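Chemist: my questions concern the predicted model and sequence given below.
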Amino acid sequence: MFDIKRRYQNVENALSNGRNSDGCSRRSESSMREEKITQIKHNVKNIHILAYFVIAILISLYTFRMISNHLHRNPEQGKTLQDVVQEDVDPTFSFYNFDLSYFSGVFNDQQKRSSRSNLPELLASSGDLCDFDRFSDETLTPEKFLSQYRTLNPFILFFYQDLEGWSFGSAWHYANMNESFRDLIVQFGRSVDSDYDLRETTFSNFLNKLIGQTDLRGEPWQIRDPDLVNRNSKKLVKDIKFFPELWKSKRSALQMGTTLSATGFTLNSDGPTLMGVVKGRTRVFMYPASTTPPAGYDHETDMLSWFTMIYPDVAQSASLKPFECIIEAGEILFIPEAWFWAAINIGTTTKVLFYGEKPQTAVGQKLAALKSSESEIDPNDGQHLEKQLQSWGGIESLLPGSEFVRYEEGKLLVKLGRTQEALQKFESLGRLFIRGHVEAARLFYQVSGNWEDSLKMLNDTLQKVPNSDIVLREMANLLHDNGEYENAGDYFGKAALLSSQIEQQLEDLAHAEENYDMTELSVESKAKKTQIENWRLHFKHIAHNEYTAFKN
């Protein structure tokens, strides 16, 4: 009995101990869950605090930047170049504006300015398309530049400080420039103008009156001055760690113009070129020296005609498609030695260019030597002409198949009287080498006397570039030689309106008047002659003012 009672007590104690053990266990698990929940809540709270802290920092930085921009904002924001310089630009001024009322009807609808109203959108439509590498000022190394780009490939350099990384931004404000350079004489022109065809005016006169005015092609004038930046480099550009021999070169240029102002294809024969875009945007087209720009050599086509008439064709060709990119404000484009380049501005754009003076490649050295010797050569000295021909042959060995080399050889062969060889050179050029086709048509007529076929050759070329004064003038000469005087007068008149030089314009108009005088003066031909007389008076007035404005 005692044993049973004791055993019962032991069982009771055991059960009691078990109940206490289970209870402790349950309480321990509950406590652990509560601690985990508490820890999670604590972590979430810390995350929220950190997030609020980060957001507060971002808001502070944004607010600081907004206030800074407000205090230091460009007062020209949202204004046109004319608005900044002068609110009341004289709308009647036409000193250099060839788009006069009595010119209406001379060109067909395809050639009128209205057909180019969508060009800015087309130029900007390339989007992110860019054939050049981009580097920041912190990622480009001297080793990479020397091994991969110096004489080989173009590239774009940008700075984390944007424009302020390489220039004094406030110095480039149009109002400040107008104040600093008001009376400075600058040169200006169009893409079809060579450096020898540029005209002169004061900086303030260009901004107040000439900016945005166009020729009959619809291309605005653009400052292309070789001295302004060089004389004022300390005020305009900062020192940078790249291109020590090229940056701030004494050979420099300022380019400034409204949308669609342009620079025609140029070959870097003296070394590389740097193009820094200060304001606006510009679309650049480039070819290595081995590929001659189709319809773009030696200013044979204005850039707006090139972009509308030639580019759509060559853009589909693997061998003729240019390298291209839109260069934004604050970026610097490196153009290697012995490359062709051209540019069309998108919006009002200001650019600064620095040109090399020491060619590093064999092609560049030979081109530079030929360029320097041209002024010393007597065009009647056969020995010197033969030496030049041999020099071009040496360049052809470096650039086999180069069309511009064959064209230059052809011109020398003409001077040496080797007409048949010259004709073969010109006929071997591609269908888009405009000057080559004009020379071929001229020589073909001299050799064969077949003016109809020569005229057909010129007509075919004119279909590609209807705004070419070069082709129109040669057609006029051919028509005159074969007694088609009234047609010759028409073509001379059109060539005059498109020519890049005042002297050439006056000469073309004189030829037009002479041809009309050689016809039986009908009512229509009398009206044409009167129109030509009006044009001659206008261009004489321009020539007189150009001569007297800065020569007295």
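Modeler: Good, I have the coordinates. Numbers count the residues shown, from 1 in each chain.

Chemist: in space, what's closest to Pro336 - neighbours in sequence excluded?
Modeler: Of all residues not flanking Pro336 in the chain, Pro272 sits nearest, at 5.3 Å (CB to CB, 6 or more residues apart in numbering). The C-beta positions use only the backbone N, C-alpha and C, and glycine is treated the same way.

Chemist: and the pLDDT for that neighbour?
Modeler: Per-residue pLDDT puts Pro272 at 90.

Chemist: and for it, the neighbour number?
Modeler: Counted with other CB atoms under 10 Å, the neighbours of Pro272 add up to 27.

Chemist: against Thr361, how distant is it?
Modeler: 10 Å (CB to CB, to the nearest Å).

Chemist: shared neighbours of the two, anything?
Modeler: Shared contacts of Pro272 and Thr361, defined by CB atoms under 8 Å, 6 or more residues apart in numbering, are found at 151, 337.

Chemist: list the contacts of the residue nearest to Pro336.
Modeler: 150-151, 246, 334-337, 356.

Chemist: can you do 10 Å?
Modeler: 149-151, 154, 243, 245-246, 249, 334-339, 354-356, 358-361, 364 (CB atoms under 10 Å, 6 or more residues apart in numbering).

Chemist: where does the most centrally placed residue in the chain sit: helix, strand or coil?
Modeler: With distances taken as CA atoms, centre = their mean, Ala343 lies nearest the centre of the chain, 1.3 Å away. Under DSSP: H, G, I helix; E, B strand; the rest coil, Ala343 falls in the strand class.

Chemist: number the chain from 13, please
Modeler: That works, and once the first residue is 13, the last one we named lands at Ala355.

Chemist: how much space between it and Val204?
Modeler: 14 Å.

Chemist: and Gln173, how far from Glu150?
Modeler: From Gln173 over to Glu150 (counting by CB to CB), the distance is 11 Å.

Chemist: name the residue in these two with the higher neighbour count.
Modeler: Comparing Gln173 with Glu150 by neighbour count (other CB under 10 Å), the higher total belongs to Gln173, at 12 against 8.

Chemist: test my guess that the more buried one contacts Phe180.
Modeler: No. Counting by CB atoms under 10 Å, Gln173 sits too far from Phe180 to count as a contact (11.8 Å).

Chemist: pLDDT at Gly442, what is it?
Modeler: Predicted confidence (pLDDT) for Gly442: 89.

Chemist: with adjacent residues omitted, what lies nearest to it?
Modeler: Glu415 (5.9 Å).

Chemist: how about the contacts made by that neighbour?
Modeler: Glu415 touches 302-306, 309, 437, 440-442, 444-445, 448, counting by CB under 10 Å, 6+ apart.

Chemist: list phi and psi for it.
Modeler: phi -70, psi -40 (degrees, to the nearest 10).

Chemist: which secondary structure element of the protein has the lowest mean pLDDT?
Modeler: Scoring the helices and strands of the chain by mean pLDDT, DSSP states H and E places helix 93-97 at the bottom, with a mean of 44.

Chemist: and after that one, which helix or strand comes next?
Modeler: helix 131-136 (DSSP states H and E).

Chemist: what lies in contact with that following helix?
Modeler: Contacts of helix 131-136 (CB under 10 Å, 6+ apart): 125, 128, 230, 271-272, 274, 293-295, 316, 319-320, 323-324, 338, 356-359.

Chemist: name the residues of the strand or helix carrying Ala524 that are buried.
Modeler: In this structure, Ala524 is located in helix 514-529 according to DSSP H and E. By 16 or more other CB atoms under 10 Å, the buried positions in helix 514-529 come out as 514, 516-521, 523-525, 527-528.

Chemist: tilt between the next helix or strand after that helix and helix 514-529?
Modeler: Scanning forward in sequence from helix 514-529 by DSSP H and E, the next helix or strand is helix 535-561. Interaxial angle of helix 535-561 relative to helix 514-529 (axes from the mean of the first three to the mean of the last three CA atoms, to 10 degrees): 160 degrees.

Chemist: restricted to buried residues, select the contacts of helix 131-136 in PyMOL.
Modeler: In PyMOL, this line selects whichever of those come out buried by 16+ other CB under 10 Å:
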select buried, resi 125+128+230+271+272+274+293+294+295+316+319+320+323+338+356+357+358+359
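
Chemist: helices of the stretch 163-312 of the chain, residue ranges please.
Modeler: 186-192, 215-217, 240-243, 245-248 (DSSP state H, counting those that start in this stretch).

Chemist: contact partners for Ile339?
Modeler: 142, 144, 168, 170, 287-289, 292-296, 345, 355, 358, 361, 363.

Chemist: typo on my end, it should be Asn165
Modeler: Asn165 makes contact with 143-145, 300, 335, 346, 348, 351 under the criterion CB under 10 Å, 6+ apart.

Chemist: of those, buried ones?
Modeler: The buried subset of these (16+ other CB under 10 Å) comprises 144, 300, 335, 346, 348, 351.

Chemist: now, those residues that are in helices?
Modeler: Of the buried ones among the contacts of Asn165, none are assigned to helices by DSSP state H.

Chemist: look at Ala507 and tell me its secondary structure.
Modeler: Applying three-state DSSP: Ala507 is helix.

Chemist: just checking: what are the partner strands of the helix or strand where Phe366 lies?
Modeler: Using DSSP H and E, Phe366 sits within strand 351-367. Its sheet considered, strand 351-367 pairs with strand 264-269 (antiparallel), strand 274-279 (antiparallel), strand 285-300 (antiparallel) by DSSP bridges.

Chemist: need the next SSE after it, C-terminal direction.
Modeler: Taking DSSP H and E, what comes next after strand 351-367 is helix 374-386.

Chemist: sweet, I'm off.
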